[in-house]
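1. coordinates for the following, if possible.
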Amino acid sequence: MNNFRELIVWQKSINFVVKIYEITHDFPKEEKFNLVTQMQRAATSMPSNIAEGAGRNTNVSFKHFLTIAIGSAHELETQIIISKQLGYIYEENFGMLISELSGIQKMLYSLHNSLQ
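-> Sure, this is the predicted structure:
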């Protein structure tokens, strides 16, 4: 159906996954199987669901997978906020992450709403 690699929201989501992996690399070791894993999975879920939905034969299916990507984006936002409050993410990284994630969320909503 759609070439997901051409979707800017997919490209931005891929770049965001890399940032999440880089930032969580410095989290305390005791968070490796807790917050780190959850954040990495939520981040990876965004472009993965965009790609899976784009590969489906209908806009209804695509919208469904975009809804999952949107949910993952909000889950990740919550985890970023928790990480900041625990002192794992510094203020400058926090602002950058929230800003970029907000942009991705807006793009996901726009793409979702554009499908009939």
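
2. neighbours of the closest residue to residue 76 other than its chain neighbours, how many?
-> Leaving aside its sequence neighbours, residue 76 sits nearest to residue 42 (Cβ to Cβ, 6 or more residues apart in numbering; 4.0 Å). C-beta coordinates here come from the backbone N, C-alpha and C atoms, glycine included. Neighbourhood size, residue 42 [other Cβ atoms under 10 Å]: 21.

3. and residue 42, what does it touch?
-> For residue 42, the contact set (Cβ atoms under 8 Å, 6 or more residues apart in numbering) comprises 72, 73, 75, 76, 79.

4. starting at the chain centroid, how far to the longest helix belonging to the chain?
-> Ranked by number of residues, the top helix in the chain under DSSP state H is helix 59-85. From the chain centre to the centre of helix 59-85 is a distance of 6 Å (Cα atoms, centre = their mean, to the nearest Å).

5. helices or strands up against it?
-> Counting contacts by 3 or more Cβ pairs under 8 Å, 6 or more residues apart in numbering; DSSP states H and E, helix 59-85 packs against helix 35-54, helix 91-114.

6. in this protein, where is pLDDT below threshold?
-> 1 (pLDDT under 70).

7. how does it look with 80?
-> 1-2, 116 (pLDDT under 80).

8. and what about residue 57, helix, strand or coil?
-> What DSSP: H, G, I helix; E, B strand; the rest coil gives for residue 57 is coil.

9. how about residue 26?
-> Residue 26 - assigned by three-state DSSP - is coil.

10. and it, what is it in contact with?
-> By Cβ under 8 Å, 6+ apart, the residues touching residue 26 are residue 88.
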